[in-house]
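Asker: Only the shape, not the letters, is given here:
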């Protein structure tokens, strides 16, 4: 059993298919990251220019590509979009994502490598942050004031990537399906399902807390919404457990979680998360629209606030804290960006459907149907005198 | 035809049922507002304490109520929640909304009046604003930097309302259904449907603009989403036209739009609006997550921005402008608050269902079914030899 | 004003573009149909062989096509699928539907004509009927026993269509968009929206009748479902009224209903109808599963039936009648086929989206967005000192 | 480990709480059923009369109740609705389902027992069957011609139930929650989830078979629908695996599957099943509407059928077989009744939500939220100079 590596590194032989140095590189980088406690982000997607055309046929050639090879390494020019948390990371992993044609034109875009974020020529363009830096706002925006994961575009201005950090080089065939062939994908999916479970539990817990404060959990339509949140949580948990209970040995001597329960979460969770935010809104109702700043408790209207924001089962401070959290989670920019993130971070949902459909075993299922029909046809054509399934 | 007044004022005789002064008051206030170009907001909902109990049985007595009558007027103590735009308004209209028991206990909560926002004892507790005051942010947040409609709680600290501004006094019977009986409701609904049409058209126009920039409107699944936006817009427009085409004369000598097309919008639009925001997110995808500040065009990375945010059919500045607008409209706190607003501003959707079901004429429909069945039964029981509807 | 013709006939000049005889033919056939009270069906769709390929590139050439021209007319060989009610009709209208390439290969499939159903060589292959011929079953299956609209495939075995019944001949350009160019489409849509209104009213009336019988219309979740049915009905009604209120003059001297309200119904009604059936199921619940035959009232268990199928507000006979009708409408094969019909009779919903998106005016909307953004940009860049929309 | 019994029998001590004979009876009946290979059905629900009132307050007293005790046993009069497959069963299990008041009035309805279906005075009123008895129809209606599970009302006309078959006697407290307290519920849920998995796999397999025949599985929107079916199947499978992987020991010496994954299926599967039927309709489209009888292959139009019902990848016979199966599964009365069954067989979905909400552990979740907020409040109020989560 290979207990020292996981993901790409454990499958280094896949990268070595054409040249052993690439397999060596990925494994060496893994050890480097492990020993030096490297914080890493990644960027996988080309900029949106003409989304109806493949990368090598864009009207404006903006995607990161190999423009030169030197003795020291490869030189990259162009952009990749959506690197999350890049400003906090040591290193940046740049791997393939969208399907590439196996053509000469596509080769410059067919690479995989890793560079320190501080490499000369590498620039990070962030979106405006939602972080509120005034500590007072921690209770007004308990999440967005502290946990904004800034999204950024990465610009490679003739960045030199040394050969020892190159894992794939001008190789569309290697790029396509690399996450599956290396069994990195089930590991990634297990990680994000764990994240999904934490999110689902949190949203459910928040809803429980809200409804108790204003005493609405006796209404049937409220219970229906709360029960949706329960089933979302338990759905994710069940799939994680199932993926572990039926873990499989990989060709690389590692164990991977069974992928199909995790695919199920991958496909179904985005809509569930959006629905969770919606349910928090529906439970909070007008009470969410007008919740004041926690800072008012130190202001001239403290007495009003303490009196008039009480709820049936909670004092005014607790109610404001709970509802500010709910606002932050389900109404704020932070919430909107979370919804956007959940919809897209594992890939375009339309294309993901195609991927899952392709990899799912279908023949055995088609065969069961045709066998059943042929068998029935045979019996009908034999004019069986005693239909075997019917009562007399 | 009564062409000088609309809404409550045109139906002043309704308010006069028990005492002519109330009808006089509402009409006089209407004229005052008209002549002085009064900006007005309103507040209709009691604070959320125990949402499973009526106002007169709350464990904590926080709702605005009449605590005293004097020669000069009535004295109000307590709170009302969700007055939108209160800080911009001259006057505040305080009218009934939720159903009231016709009991002695409920009477102090059974009123309707109007006061200037600046009346002594009247306080306004706003939620934190989303307004960004830096003009540079106008292009980063084109709507939220300019159009936040601050929601607030109104606190009446023994506010004296002069008798001439009182329209309903300790009268639950008058309160219940006042918007329907006065035919104010169809007018209100026509107004908000017009607002909905503007919103729907805007979201559709924005989506058209986005998909052109990145050339995705050739995909079937994109066209399906755009077509949803078209049907939402045309749905609202059709209902407004129908309400006007079948306008009805009221008992008060005015004309009111037909209410049923407007009820249809009232019930269906909230989900449509949320779906509009979702479609904008789905069309923008990763491109929405990383859109930079417009201010970057004046910054040190101007060249990068100008190069790498180009899209197929648009330059970088236009693309950033379009996508910042989309972010503001479909991802930001402003968007979240808009969604919350649309869900609740005309009332709790579960209770609205009950209201519509109650007022809808049902007997004639039930009769058509029972008559049809009885007729068919008669024919079957007569053993009609030639079934009239069947081909031979 | 052209008051003598409607639809295709009123736009006969469109058909005459290349040869005046075709315009003459369509008008003459219209008069024939009018004077002789012709019952007509139609067939528009080619058989499903390879649904990913256009008609002229099918691996098996089964679609109806022109195989020969003679002095007498054109000769058609091949099939069209889904002619509804063909066995009851005098004549069959065979017109284009799917988009055709403007190529030599596609020309044999580019036609429009009409033939009597009884023409030699024309064969009708029906699906099995759901009609129950026993009159006793009229109350068990009030609709399916009487109103099954048999769907059929039409086979043309070298059918000769005389020239005077040919309206389009080897003309893909004429075929594409013929329903729009002739303004037949708004007429067709107005007709089917009227049908939809009748259906929606009927389903709503049935639901009202059911809930009264078992006294469940006091539950909020039941009222929500009933209110959905109300809004579906009033939505369709509003769109019809709007299409009439804004009727337009056509280039042919006729008046056509405004098409956009009708398109709205066309796109949204199918899902509404399926939901109507679902609501009937949800309201009936277990009571629908076990409703006995009406014939039991004449059988040995009459007394049991009369006793145990009573409901709170109805006797046993009425309850069985109501619930048998509900079963027929929302559970039976008749219901399933109705749902299938509503989903597809106006065309494949994915392709319809594309059609509506194409025809909808988009430029003016895009312009409003870009103008608004450019205007805002101008003001920001001018460093306007007093932002005009902000309160101080 | 108790390996000889499961379900109620393994928890016989629960039934013995007030009188040991009831525990003895349930265990003895279990052994009888096991040794004699008894086919059993059950009936749990009272007739729908006034669904807004509990059983003991119905305006018409139709529900089965104890009318007398004798030395031999209890005498039951009244009805229960929805016993499925009663005509095929040896014995009928009559157990409590809806919540009962703990009052004198409710006691006659508070029982549990078992009787042979052939007991004098017990009558079975079936709904009309969908079975087609002509073997030729097996290929036209492959499921409905063979597998209709007839639903029935059971009428007890003073049926004597011997004491040794009585398990609960005038005991509302025992009735309420009996399925949970005995741990029968997780066993029941595991059984029906297994059934759900078989159904989901079958629907998915059928869809795979359909799309191949007409070559539509290259369309993105088709792949999306197929992928939905995949995730439905794998969702159910994952939950079953998770329930087994985390099985729990019961107080009765047996092992029960973990209940929460199974509850998740219970709540979410009904909508999934309805969606499966919808997807089959959407994939079949017009091709489903006109599929002819398989018997036509032996009829005068055999040649037409063989020619014109071919599809891209299948001959005519196979295509008709596949599409007749699809029609039976997704359009027919059999399909409608399956949909109705899935919605309701485990209980009214609105009430089930209440049950799940009640039993789910909520306090620990509420505590996590309040602890988190209190902790944050403490840190804010301490004016922590270095916010620990923010980057510098």
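Answerer: Received the coordinates, thanks. Given the structure is predicted, the values throughout are model-derived calculations rather than measurements.
Asker: Domains in chain A, by residue range?
Answerer: The record assigns chain A these domain ranges, following automatic domain parsing: A:7-176, A:184-347.
Asker: tell me which residues in the helix or strand containing residue A:379 are buried?
Answerer: Taking DSSP states H and E as the criterion, residue A:379 maps to helix A:363-381. Buried residues in helix A:363-381, counted by 16 or more other CB atoms under 10 Å in any protein chain shown: A:365, A:366, A:368, A:369, A:372, A:373, A:376, A:377, A:380. All C-beta spots, glycine's among them, are computed from the backbone N, C-alpha and C.
Asker: For the residue lying closest to residue A:40 once chain neighbours are set aside, name its beta-bridge partners.
Answerer: Computed as CB to CB, 6 or more residues apart in numbering or on different chains, the closest residue to residue A:40 that is not its neighbour in sequence is residue A:91, at 4.9 Å. Under DSSP bridges, the beta-bridge partners of residue A:91 are residue A:40, residue A:116.
Asker: for residue A:91, what are its contacts?
Answerer: Counting by CB atoms under 8 Å, 6 or more residues apart in numbering or on different chains, residue A:91 makes contact with A:33, A:38, A:39, A:40, A:41, A:114, A:115, A:116, A:117.
Asker: Report the buried members of those residues.
Answerer: For these, buried by 16+ other CB under 10 Å: A:33, A:41, A:114, A:115, A:117.
Asker: correct me, but the fourth one touches residue A:166?
Answerer: Read it as residue A:115. No: in this structure residue A:115 lies outside contact range of residue A:166 using CB atoms under 8 Å: 9.9 Å.
Asker: Please identify the residues of chain A in proximity to chain C?
Answerer: Proximity of chain A to chain C (CB under 8 Å from any CB of the partner chain) is limited to residues A:219, A:220, A:221, A:224.
Asker: Where do the strands of the stretch 201-350 of chain A begin and end?
Answerer: A:248-249, A:255-256 (DSSP state E, counting those that start in this stretch).
Asker: The last one near chain D anywhere?
Answerer: No: Strand A:255-256 stays out of contact with chain D when judged by CB under 8 Å from any CB, the minimum separation being 15.4 Å.
Asker: Please name the strands paired to that strand in the sheet, noting orientation.
Answerer: Counting by DSSP bridges, strand A:255-256 is paired with strand A:248-249 (antiparallel).
Asker: what's the strand it pairs with in contact with?
Answerer: So strand A:248-249 is contacted by A:255, A:256, A:258 (CB under 8 Å, 6+ apart).
Asker: which parts of the stretch 1-150 of chain A sit against chain B?
Answerer: A:45, A:47-53, A:58-60, A:62, A:79, A:81-82, A:123, A:125-128, A:140.
Asker: Output the below-cut-off pLDDT ranges for chain A.
Answerer: Scanning chain A for pLDDT under 70 picks out the ranges A:1-5, A:132-135, A:383-392.
Asker: For the residue nearest to residue A:141 when sequence neighbours are not counted, grab the count of nearby residues.
Answerer: Among residues not flanking residue A:141 along the chain, residue A:328 sits closest, at 5.0 Å (CB to CB, 6+ apart). Number of residues near residue A:328 (other CB atoms under 10 Å in any protein chain shown) recorded here: 23.
Asker: The one 3 residues further on now?
Answerer: Close neighbours of residue A:331, defined as other CB under 10 Å, add up to 26.
Asker: how about it, what does it touch?
Answerer: By CB under 8 Å, 6+ apart, the residues touching residue A:331 are A:281, A:288, B:333, B:336, B:337, B:339, B:340.
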